[in-house]
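> sequence first, predicted model second:
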Amino acid sequence: MTATSQHTATVELTVGQVAGTFGVTVRTLHHYDAVGLVVPSARTPAGYRLYTGADLTRLASVVTYRRLGLSLDEVQALLDGDGTPEEHLRRQRDAVVTRLGELEELVTAIDRALEREMEQRPATTEELKELFGDGYTEEYRAEAQERWGDSDAWTQSAARTKRYAKADWEQVKADQEAAGRLLVEAMQSGAAPDSERAMDAAEANRRVIEKWFYDLDHGFHRGLADMYVSDPRFTTTYEDQAPGLARYVHDAIHANADRHEKA
């Protein structure tokens, strides 16, 4: 019996048949079984394990998530959490569409790099940034998950962002940059951090985070502001935009929080 001979709902395959039909090694199948990721749920009269249609559907989800770069622990958490097979497929599709967009941008960046090499022209900083892409911040994302992975904010943010397509991320970036410009312009105008202009800019910053990622009350926003001056990487991000901006944003966020908590 093979998986192509009948509908998978009625298929029961041995480990060897699954390996031969779908190209997953026997060693991998045994490992997935040992760690409880995909466990064959049927048996032959002789006691040999058989993969049912439902087992094969779960295996397909595991392989898809692995192809998207997720660890086995992440796959296990996704499959054992909430979500129907349809929801998993939609999540996988969204991830693939996002990846396709990233790869298309990378191809364009590489083509431009080839043109520069052929013209023997040095790359500008902005052109090099195209090759780094947004994915270069992966180590920060991993650290963020380690730091806040058990928080309600992280859970909410993960639930929202997993549905975002490329167009959504482009809008996120545009909104963040617009809110950031308000803070820069307020500081450069000479407005004090506790002025209406600066506090309104801080409030715009908070609303962008709340709109796209997670519920952010003013007390939580204070905590983020403290990190902007205590973590050198965050500080550098602001200081690269304008000297003194990190402290200015910190003070404006605290002033804005005071304003709303007293209201």
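Cool, got the structure.
> drop to CA atoms for contacts and neighbour counts, all remaining ones
Will do.
> hey, where'd the helices end up in the stretch 151-263 of the chain?
In the stretch 151-263 of the chain, the segments counted as helices under DSSP state H, counting those that start in this stretch are 152-161, 166-188, 196-212, 218-230, 232-239, 245-262.
> show me where the stretch 1-150 of the chain has its helices.
Using DSSP H, counting those that start in this stretch, helices in the stretch 1-150 of the chain cover 15-22, 26-34, 53-67, 72-80, 85-119, 125-132, 138-148.
> so which of those is the most packed in?
Greatest average neighbour count among those goes to helix 53-67 (a mean of 18), per mean count of other Cα atoms under 10 Å.
> export it as CSV, just CAs?
C-alpha atoms of helix 53-67 as CSV (Å, rounded to 0.1, in the frame of the first residue of the first chain):
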residue,chain,number,x,y,z
GLY,A,53,-3.8,9.8,7.9
ALA,A,54,-3.9,12.0,10.9
ASP,A,55,-0.3,11.1,11.8
LEU,A,56,0.8,12.0,8.3
THR,A,57,-1.0,15.3,8.5
ARG,A,58,0.8,16.1,11.7
LEU,A,59,4.1,15.0,10.1
ALA,A,60,3.5,17.3,7.2
SER,A,61,3.0,20.2,9.6
VAL,A,62,6.2,19.3,11.4
VAL,A,63,8.2,19.2,8.2
THR,A,64,6.7,22.5,7.0
TYR,A,65,7.5,24.3,10.2
ARG,A,66,11.1,22.8,10.1
ARG,A,67,11.5,24.1,6.6
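> so what's H218 up against?
By Cα atoms under 8 Å, 6 or more residues apart in numbering, the contact list for H218 reads 256-257, 260-261.
> from the residues you listed, which single one is nearest Q156?
Among those, A257 lies closest to Q156 (Cα to Cα), at 22.1 Å.
> right, and that closest one touches F220 too?
No - A257 is not in contact with F220 according to Cα atoms under 8 Å; the separation is 9.4 Å.
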